[in-house]
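In: Give me a 3D structure for the following:
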Amino acid sequence: MSDCIVPDWPAPRNVKALFTTRNGGTGRSRYATFNLGDHVGDDPLTVKQNRALLRRLLPNEPCWLKQVHGTAAFGMDGHGCSTPPDADAVFSGQPGNVCAVLVADCLPVLLCDRAGTMVAVIHAGWRGMAAGVIERTVAAIGPSATPLIAWLGPAIGPNHFEVGNEVRQAFITNDRRAVTAFVSHDERSGKWFADLFLLARLRLLKAGVNEVYGGDVCTFSDPARFFSYRRDGATGRMAGLIWLAG
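Out: Numbering: from 1, shown residues only. Next comes the predicted model:
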C-alpha cells in the first residue's frame, strides 16, 4: 500500500484523502495487483483481500457505490451502505464516513469546503459529466458548505481520449466554452481528442467552484501504475477516497 497518491491541495487539516494505484495488492494477470472493483471479472476473494488491505488505512469501511454513469449524488450521513446505492457521487459531513468511487480512466473529482465540514467524491466519466453530475453534486452539498475546493485525480489524458462528434456536441450544447477541450483527430471520420480535466474545470467553475487542483496525471500512458479501461479492456479499478477525520 506504499503507492497510494495523497492529493496535493490546500485542504483543511481534518480533510483526509487518497487515490489508490494498481500496486500493492494480491491480484494477478490483468488485475495485478490492487484491483478494488468487484464487478470486473476478478476473483471475489482477491477483491475482498485487497479491500481489507485498503481498510487498514481508513477509519471505516468506504461507502461503495453502484456506479451507473448518471448524475445522482448520495448523501451517506444517516444511511447505511451495506447495499451499494445507485449513484455516481457521494458526500458526507460526518467525521469517519469514507466517501469512495472506483475508476479506470474516468475522472475522480474530490471536493471539500474550506471550513472542513463537508467532503465529496464524484465519478466523472464523460456521460455523467455531460449530464451534470458535477453540478448536481455541488448543489446537493448545499450552499452552507461553500466555498468549495476540488482536486482532479488521475484519468485518461487529452492525448489518448478519442471520442466522436456526439460526445463533443453533448458538451458544447451546454457550454460553448467546451470547444476548447476538443482537438480534431480525424476530420473525415469525426474523431476528436477530448480533455476530461479541462471539461471538469469548466463544469466546476460553472457550479461556483473556483479553486481546482490536480488534473495532470494520465492513467492510459502509465501501465505500470494505473489500470486503464481504454488501454486494456478487461482490467481492474482504482479508488478515490475522502473523509473527515474525527
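In: going forward, measure contacts and count neighbours with C-alpha atoms only.
Out: Will do.
In: Buried residues, the lowest-mean-pLDDT helix or strand in the chain. List them.
Out: Of all helical and strand segments in the chain, the minimum by mean pLDDT, DSSP states H and E falls on strand 182-186, at a mean of 89. Of the residues in strand 182-186, 182-183, 185 count as buried by neighbour count, 16 or more other Cα atoms under 10 Å.
In: could you show me where the strands are in the protein, in order?
Out: 15-19, 73-75, 89-92, 99-103, 107-113, 119-124, 148-152, 162-164, 182-186, 191-194, 211-214, 238-244 (DSSP state E).
In: hey, least reliable of the ones you listed by pLDDT?
Out: Lowest mean pLDDT within these: strand 182-186, a mean of 89.
In: Return it as CSV; C-alpha atoms alone will do.
Out: C-alpha atoms of strand 182-186 as CSV (Å, rounded to 0.1, in the frame of the first residue of the first chain):
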residue,chain,number,x,y,z
PHE,A,182,-11.6,19.1,-28.1
VAL,A,183,-8.8,18.8,-30.7
SER,A,184,-9.6,17.4,-34.1
HIS,A,185,-8.0,14.0,-34.6
ASP,A,186,-9.6,12.8,-37.9
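In: Can you list the strands that that strand pairs with?
Out: strand 191-194 (antiparallel) (DSSP bridges).
In: gap between the strand it pairs with and the chain center?
Out: 21 Å (Cα atoms, centre = their mean, to the nearest Å).
In: residues of stretch 238-246 that come out buried?
Out: 238-245.
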